[in-house]
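>>> just the structure for this:
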Amino acid sequence: MPDIVSDGKTRVSWVTTIANIAAPTAAELTAGILLQSTLTADGLAGFQPETASVDTSSLASTFNTSVNGRTGFDGTMLRFKKQSGTDTIYDTLLRDVAGYVVIRTGITESTAWSASQKVRVYPALCGEVSHLDPEENSLERYEVPIAITATPNLRATVA
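Have a look, this model is predicted:
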């Protein structure tokens, strides 16, 4: 099987309402705000789950054993390029705004949402925007911390 190149094949959306995160509808996703064109190349941070390890070894053990503990996300945030004029994303992703971050990979980003596509759905709460310090030869950028508020569905299918 050939490898899948990720360039240009990631679609990210902020969606305010999803009835079933295991099967979001194409209509619900289409009603969201597309983010991928204004995210920096490294603009999706911390959306990888980390599973803690629970030590099950005893005093008599000669080998360290463990089982899976809690899974969580750390440092989850979105990093954007600031837009001139009306910046809908900047004006929408305000502190304490709840919604869903939906990520689709492996399909050209311009392809519309449609049934049977695999997506990851993260119930989310926005934190306070953080303006990044100016740098030479750089765009103006800002970050929105994202709190994952409930167990995400990392294997959802668009209904």
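>>> who are the packing partners of the helix or strand hosting residue 51?
Assigned by DSSP states H and E, residue 51 belongs to strand 50-55. In this structure, strand 50-55 makes packing contacts with strand 66-72, judged by 3 or more C-beta pairs under 8 Å, 6 or more residues apart in numbering; DSSP states H and E. Just so you know, the C-beta spots here come from the backbone N, C-alpha and C atoms, and that holds for glycine as well.
>>> just how off-centre is the strand holding residue 51 within its chain?
Mean C-alpha position of strand 50-55 versus that of the full chain (C-alpha atoms, centre = their mean, to the nearest Å) differs by 22 Å.
>>> adjacent strands (with direction) for that strand?
Partner strands and pairing direction for strand 50-55 (DSSP bridges) are strand 66-72 (antiparallel).
>>> ok, and what's touching the partner strand?
The contact list for strand 66-72, computed with C-beta atoms under 8 Å, 6 or more residues apart in numbering, reads 49-57, 148.
>>> buried ones among those?
Applying 16 or more other C-beta atoms under 10 Å to the contacts of strand 66-72, the neighbour count classes residue 148 as buried.
>>> quick check: the two most widely separated of the contacts of strand 66-72?
57 and 148 (30.3 Å; C-beta to C-beta).
>>> and residue 152, how far from residue 72?
Distance, residue 152 to residue 72, by C-beta to C-beta, to the nearest Å: 11 Å.
>>> separation between the nearest residue to residue 99 once chain neighbours are set aside and residue 23?
Nearest residue to residue 99, sequence neighbours excluded (C-beta to C-beta, 6 or more residues apart in numbering): residue 16, at 4.7 Å. Residue 16 is 17 Å from residue 23, where distance means C-beta to C-beta.
>>> what is the three-state secondary structure of residue 27?
Look at residue 27: counting by DSSP: H, G, I helix; E, B strand; the rest coil, its state is helix.
>>> ignoring the adjacent residues along the chain, who's closest to residue 101?
residue 122 (4.4 Å).
>>> next up, phi/psi of the one you found, please.
When read as degrees, to the nearest 10, the backbone of residue 122 gives phi -110, psi 110.
>>> check residue 91 too.
Torsion angles, degrees, to the nearest 10, at residue 91: phi -80, psi -10.
>>> could I get the contacting residues of residue 142?
By C-beta under 8 Å, 6+ apart, residue 142 lies in contact with 79-80, 82, 90, 129-132.
>>> cool, and residue 83?
Counted by C-beta under 8 Å, 6+ apart, residue 83 has contacts 38, 89-90.
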